[in-house]
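> fold the following.
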Amino acid sequence: MWTYHPDLLAQPVPRYTSYPTAAQFTTEVGAADLAARLDGVDANAPLSLYVHIPYCHDICWYCGCNTGAANRAHRLTAYVEALEREIALVAAHLRGRGRVARIAFGGGSPNSLPLVDFVRLLQQLLLCFDAHQPEISVELDPRRLDIQWIATMAAMGIGRVNLGVQTFTPHVQSAIGRIQPLDMVERTADQLRSAGIATGFDLMYGLPGQSLDDLAATLEASITMRPARIALFGYAHMPQLLPRQRRIDGRALPDLATRFEMAAQGHRLLTEAGYDAIGFDHFALPDDSIARAAREGRLRRNFQGFTDDPAEILLGLGASAISQFPDLIVQNEKQAGPWRERVERGSLTATRGTLCTADDRRRGRIIEAILCRGEAHVDAITPMPDLKRFERLGLVRVDGADVRLTPDALPYARSIAATFDSYLRPAEMRFSHAV
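Residues are numbered from 1 along each chain as shown. Okay, the predicted model is just below:
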């Protein structure tokens with residue numbers, strides 16, 4: 001199906017959930033820049049909110065998220081109280097401007113919170129922002145999800161949840177510190193379906209001890225449950241940056257050729273089962289909104305991955321959450337303690353970020369178009385990147401200022417997009433592999 005080009009895959013490249021990427025964030029950009037953008041939001045500007053809950057009851061060894069153990073009740077209570085205050089603080093800057101159409105809870109695991117605290121936070125959002133029947137989604141840990149949570153979410157209008165699954169293979173689960181029986185996820189998926197809540201699964205390949213057969217079994221079990229969306233991510237092993245990953249035996253990781261086979265196998269099995277391929281690592285049933293957006297050329301990319309969200313302004317709430325404006329990307333203080341201290345002082349919590357130049361915005365649009373639509377018009381870029389290597393391999397066709405990826409280029413889409421990244425330097429390339 002795809003041709004294996006190991007030299008292209010061996011060079012790590014960013015995932016491009018933003019451009020510029022987080023590698024360009026500096027402490028010279030922060031709260032003052034965020035305040036200026038909030039004060040300038042138009043009255044009817046569409047807004048999206050992202051709420052970060054940096055806690056999990058069980059810390060998985062593979063995880064690269066900003067999250068800590070939810071093992072002390074007072075820690076969770078203090079975080080929720082500070083988050084309520086931050087929500088009110090950000091909303092006060094808006095003074096009623098902006099219209100919230102989408103709210104996403106991520107983490108960590110939002111259901112590491114007591115259910116009553118999750119309800120408090122959602123009510124605070126609806127109280128403080130102009131949000132009339134927004135689309136609400138939540139990332140959840142199925143190991144901590146019960147029927148009361150599901151019923152409450154349905155009653156509060158939550159339309160979509162994303163379940164962290166990763167793998168159903170017991171020996172691979174043991175190798176990554178995430179024991180999660182298949183029947184538990186099956187039961188949860190059935191309950192969510194009965195409640196009218198759409199479901200997505202996060203799956204992973206390239207895990208320690210994982211074989212092609214292991215991945216196939218996980219994919220086949222997932223297909224049987226028929227989630228509306230499936231994300232199939234390649235595990236990125238970075239123990240030097242993520243100490244928790246040091247518990248994973250790097251010698252047990254599949255090699256690059258096997259990872260490539262796994263990505264190809266996932267694409268084949270899921271598309272044969274009726275899922276549409278969305279970008280390079282997402283899949284969706286044809287009637288799902290993200291699949292429709294892909295068909296209609298409306299697919300976008302932000303910090304939550306591929307999305308059909310058209311809003312140009314994303315407001316991040318909580319420790320480490322990222323806000324995005326057309327000319328600004330800014331991240332809140334990462335550590336929960338210092339973040340909470342800033343909130344208690346009545347300060348916006350952004351501490352690092354980047355201002356986006358006109359050239360950044362042009363390049364960002366090109367990178368997004370390549371990843372979301374497989375083609376881009378690049379006449380605004382000078383000098384034009386050298387794409388001849390990709391052309392010789394049959395991965396790209398260049399017609400004047402139009403660049404189009406061939407069907408064989410999907411595993412290399414990020415590598416091709418990276419040629420338009422003016423910041424990329426070998427010393428900065430500390431990101432996940434292309435597959």
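
> hey, let's count contacts and neighbours off CA atoms from now on
OK.

> please state the offset of stretch 319-326 from the chain centre?
Centroid separation for stretch 319-326 versus its chain: 13 Å, with Cα atoms, centre = their mean, to the nearest Å.

> buried sites along it?
For stretch 319-326, burial by neighbour count (16 or more other Cα atoms under 10 Å) applies to Ala319, Ser320, Ala321, Ile322, Ser323, Gln324, Phe325.

> and the helix or strand containing Gly353, what does it pack onto?
Using DSSP states H and E, Gly353 sits in strand 350-355. Contact here means 3 or more Cα pairs under 8 Å, 6 or more residues apart in numbering; DSSP states H and E; on that basis strand 350-355 packs against helix 31-39, strand 328-332.

> can you do 10 Å?
Applying 3 or more Cα pairs under 10 Å, 6 or more residues apart in numbering; DSSP states H and E, one finds that strand 350-355 makes contact with helix 31-39, strand 322-325, strand 328-332, helix 336-344.

> closest one to Ser211 among these?
strand 322-325 (35.4 Å; Cα to Cα).

> related to what we said a few turns ago, which one of the buried residues of stretch 319-326 is nearest to Asp255?
For these, the residue nearest Asp255 by Cα to Cα is Ser320; the value is 32.2 Å.

> low-confidence bits of the stretch 301-435 of the chain, can you list those?
Residue ranges of the stretch 301-435 of the chain with pLDDT under 70: 425-435.

> let me see the ranges of the strands in it.
Applying DSSP state E, counting those that start in this stretch to the stretch 301-435 of the chain gives strands spanning 305-307, 313-317, 322-325, 328-332, 350-355, 375-377, 396-399, 402-405.

> again with the stretch 101-250 of the chain
For the stretch 101-250 of the chain, the strands defined by DSSP E, counting those that start in this stretch cover 135-140, 160-166, 198-205, 229-234.

> which stretch among those comes nearest Arg37?
With respect to Arg37, and counting by Cα to Cα, the nearest of the strands of the stretch 101-250 of the chain is strand 135-140 at 23.7 Å.

> just the C-alphas of that closest one, formatted as CSV.
As requested, the backbone C-alpha atoms of strand 135-140 are provided in CSV (Å, rounded to 0.1, in the frame of the first residue of the first chain):
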residue,chain,number,x,y,z
GLU,A,135,-20.9,21.5,21.7
ILE,A,136,-19.2,19.9,24.7
SER,A,137,-16.7,17.1,24.6
VAL,A,138,-14.7,15.4,27.4
GLU,A,139,-11.7,13.1,27.5
LEU,A,140,-12.2,10.3,29.9
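
> give me the sheet partners of it and which way each runs.
Here strand 135-140 has these sheet partners by DSSP bridges: strand 99-107 (parallel), strand 160-166 (parallel).

> dump the ones you listed into JSON lines; add mean neighbour count, mean pLDDT and distance to Val403 as well.
Output for the strands paired with strand 135-140, formatted as JSON lines (neighbours: other Cα atoms under 10 Å; pLDDT from 0 to 100; distance: least, Cα to Cα, whole Å):
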{"stretch": "strand 99-107", "mean neighbour count": "21", "mean pLDDT": "97", "distance to Val403": "32"}
{"stretch": "strand 160-166", "mean neighbour count": "23", "mean pLDDT": "97", "distance to Val403": "34"}
